[in-house]
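A.B. asks: Quick one: sequence plus predicted model below, questions after.
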Amino acid sequence: MEFMIGSTNPAKVKAVKEVLTIHFPQALLVETEVGSGVSGQPFGDDETRLGAINRALRAAGSKAGAIGIGLEGGVRILEGQMFLCNWGALTLPDGTRFTAGGAQIPLPNEIADELMAGKELGPVVDTYFKSSGIRMKEGTIGMLTANAVKRDELFVHILQLLIGQYKYHLQSQ
């Protein structure tokens, strides 16, 4: 069984490896950098989810018979407050698709204002926290939760939801 993840981001890859080791220890995971097909800073659940689906489809399309995994982070507005949002997708060779969303927390207004002005979250958060490469490590969620929840842990939760749906699908056939 071969899985293709549509990213080389260390936090995303770490999450996928952790979940696959539990559920499919013999599986092979291949990392491939693919575009999300959405804006550099996805806004809203629809665009963020579509980015995850596109990554999964493009990753799976690079190897016949592979299962594709896509993970995408974005932001959404709820009652005038900007929140982080995260989505994942898993696609099977037969076209079957599973999606799942993750935890959401509000962003500080200073960060939200920068995003509304057209900037991307990664560089804005690096500047805000006077650091670099946050999206490749603990992520914005890690910084805003004092590392109580890190980015890879958020994606582990999403992957558990995706793999759980896949295993249910296998059992129900």
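C.D. replies: Cool, the structure landed.

A.B. asks: Quick check: end-to-end length of stretch 100-109?
C.D. replies: 27 Å (CA to CA, to the nearest Å).

A.B. asks: Please shift the residue numbers so they start at 21 in all later answers.
C.D. replies: Sure, I'll start numbering at 21, so the last one becomes stretch 120-129.

A.B. asks: Name the residues of it that are buried.
C.D. replies: 120-122, 124, 127 (16 or more other CB atoms under 10 Å). C-beta: built from backbone N, CA, C; applies to glycine.

A.B. asks: same question, stretch 98-116
C.D. replies: Residues of stretch 98-116 classed as buried by neighbour count (16+ other CB under 10 Å): 102-112.

A.B. asks: Tabulate the residues you listed (a markdown table), appending secondary structure.
C.D. replies: As requested, those are arranged in a markdown table below (DSSP: H, G, I helix; E, B strand; the rest coil):
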| residue | secondary structure |
| --- | --- |
| M102 | strand |
| F103 | strand |
| L104 | strand |
| C105 | strand |
| N106 | strand |
| W107 | strand |
| G108 | strand |
| A109 | strand |
| L110 | strand |
| T111 | strand |
| L112 | coil |
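
A.B. asks: Sitting in strands, which of the buried residues of stretch 120-129 do you find?
C.D. replies: 120-121 (DSSP state E).

A.B. asks: Pick the one among the buried residues of stretch 120-129 closest to Q180.
C.D. replies: Distance to Q180 across these (CB to CB) is lowest for A120, with 8.5 Å.

A.B. asks: I'd say that closest one and L182 touch.
C.D. replies: Yes - in this structure, A120 is within contact of L182 by CB atoms under 8 Å, at 5.3 Å.

A.B. asks: any common contacting residues for these two?
C.D. replies: G108 (CB atoms under 8 Å, 6 or more residues apart in numbering).

A.B. asks: where along the chain do the helices fall?
C.D. replies: 30-43, 64-80, 129-136, 141-148, 159-164, 171-191 (DSSP state H).

A.B. asks: Can I get those helices in a markdown table including mean pLDDT?
C.D. replies: Shown next, in a markdown table, are those (pLDDT from 0 to 100):
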| stretch | mean pLDDT |
| --- | --- |
| helix 30-43 | 96 |
| helix 64-80 | 98 |
| helix 129-136 | 97 |
| helix 141-148 | 95 |
| helix 159-164 | 94 |
| helix 171-191 | 96 |
